[in-house]
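Undergrad: prediction below, plus the sequence it came from.
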Amino acid sequence: VVGELIDQSERVEPKIPRELLLDAGYFDDGVINATLARDVSLLCPPRPSTTDKAKGLYHKSLFTYDAEQDVYYCPAGQRLQRISHINASVRSREQTVYACNACEGCPQRIACTRSVRGRRIKHYPEDEARLALQQIMTHPGAQAVFRQRKAMVEPVFSALRQQQGLSRFRRRGLAGVKREFSLHALAYNLARAVALSLCHHLWEWLWGCLGLPYLATKKKIAPPRACVMMSSSHRHRCV
């Protein structure tokens, strides 16, 4: 879906977006590969494992992989060494298994594993790109940029739900839903354009009251960035 939306955005606006901010619901191999193929910078936090979250255990993302030594390090600093490798088959994916021999007596074991064999990690070929993205998301600069996402995209969906009443679609069929959402997006964009225009005239009037010339910028008003900053619960594009 993300790759198709990027391509659609490029058809509407020839300048392809160079940066994509997505919530954790989009953290998967398809999205990562789609952005890599299009040379688009992706900022997306990892999605916690539902199994580990339900059990209250440490997620795989908390383990650090050392590619040079081919080992993992757990949150307690213990090493997980490679114990087996499974080739891809009809029934299984290609994977390498790492295990820790220091789980016995570890004070963090109850938060890490319930297995009598100790904690094990499965490493897949596509984990390289995932680990790279997770490392990027730990950088303060990336976190600062990602924090701006909430102020950009969430108000758009809030306005669609609260002001326009778009809690559910009233049309049946994909074509009808597309037309309905396009009307909602058009209404939102028009409202934003009117608000920005009124703001411009208000400032011009205030400066006139003070007897000062209003130095208006000639920059084009950028369209709402909701077209490239999506929530996993709303997979549509504002046009």
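TA: Arrived safely.
Undergrad: all strands of the protein, in order?
TA: 19-21, 41-43, 64-66, 71-73, 79-86, 95-100, 120-123 (DSSP state E).
Undergrad: between these, which gets nearest to residue 107?
TA: Proximity to residue 107 (C-beta to C-beta) singles out strand 95-100 among the strands of the chain, at 14.0 Å. Every C-beta, even on glycine, is put in place using the N, C-alpha and C of the backbone.
Undergrad: packing partners for that closest one?
TA: Judged by 3 or more C-beta pairs under 8 Å, 6 or more residues apart in numbering; DSSP states H and E, strand 95-100 is in contact with strand 79-86, strand 120-123.
Undergrad: deepest of those, which one?
TA: strand 120-123 (a mean of 17; mean count of other C-beta atoms under 10 Å).
Undergrad: tell me what that strand is packed against?
TA: Counting by 3+ C-beta pairs under 8 Å, 6+ apart, strand 120-123 packs on strand 79-86, strand 95-100.
Undergrad: distance to residue 11 for the helices and strands packed on strand 95-100 - can I get that in CSV?
TA: As requested, the helices and strands packed on strand 95-100 are exported to CSV (distance: least, C-beta to C-beta, whole Å):
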stretch, distance to residue 11
strand 79-86, 42
strand 120-123, 38
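Undergrad: figure out which of those strands is closest to residue 25.
TA: Here strand 120-123 is closest among these (C-beta to C-beta), at 22.2 Å.
Undergrad: show me what contacts residue 65?
TA: With contact set as C-beta atoms under 8 Å, 6 or more residues apart in numbering, residue 65 has these partners: 71, 72, 73, 123, 127, 131.
Undergrad: cool, and residue 107?
TA: Residue 107 neighbours (C-beta under 8 Å, 6+ apart): residue 76.
Undergrad: could you measure from the residue nearest to residue 100 when sequence neighbours are not counted over to residue 87?
TA: Among residues not flanking residue 100 along the chain, residue 80 sits closest, at 4.5 Å (C-beta to C-beta, 6 or more residues apart in numbering). For residue 80, the distance to residue 87 equals 21 Å [C-beta to C-beta, to the nearest Å].
Undergrad: so how far is residue 180 from the residue of the chain most remote from its centre?
TA: Distance from the C-alpha centroid of the chain, by C-alpha atoms, centre = their mean, peaks at residue 211 (47.8 Å). Look at residue 211 and residue 180: by C-beta to C-beta, they are 49 Å apart.
Undergrad: burial of residue 9, as a residue count?
TA: 18 (other C-beta atoms under 10 Å).
Undergrad: low-confidence regions, this protein specifically.
TA: Counting by pLDDT under 70, the chain has low-confidence residues at 16, 48-55, 212-239.
Undergrad: give me the buried positions along the helix ranked longest in it.
TA: Of all the segments assigned as helix in the chain under DSSP state H, the longest by residue count is helix 174-209. Across helix 174-209, burial judged by 16 or more other C-beta atoms under 10 Å covers 181, 184, 185, 188, 189, 192.
Undergrad: and which of these is nearest to residue 47?
TA: The closest of those, once distances to residue 47 are taken by C-beta to C-beta, is residue 181, at 25.3 Å.
Undergrad: how many neighbours does the residue lying closest to residue 45 once chain neighbours are set aside have?
TA: Spatial nearest neighbour of residue 45, chain neighbours left out: residue 24 (4.8 Å); criterion: C-beta to C-beta, 6+ apart. When neighbours are counted by other C-beta under 10 Å, residue 24 registers 11.
Undergrad: ok, residue 45 next?
TA: So residue 45, with other C-beta under 10 Å, has 19 neighbours.
Undergrad: what residues are up against it?
TA: 23, 24, 27, 137, 146.
Undergrad: again with residue 21
TA: Counting by C-beta under 8 Å, 6+ apart, residue 21 has contacts 43, 44, 145, 146, 148, 149, 152, 153, 228, 229.
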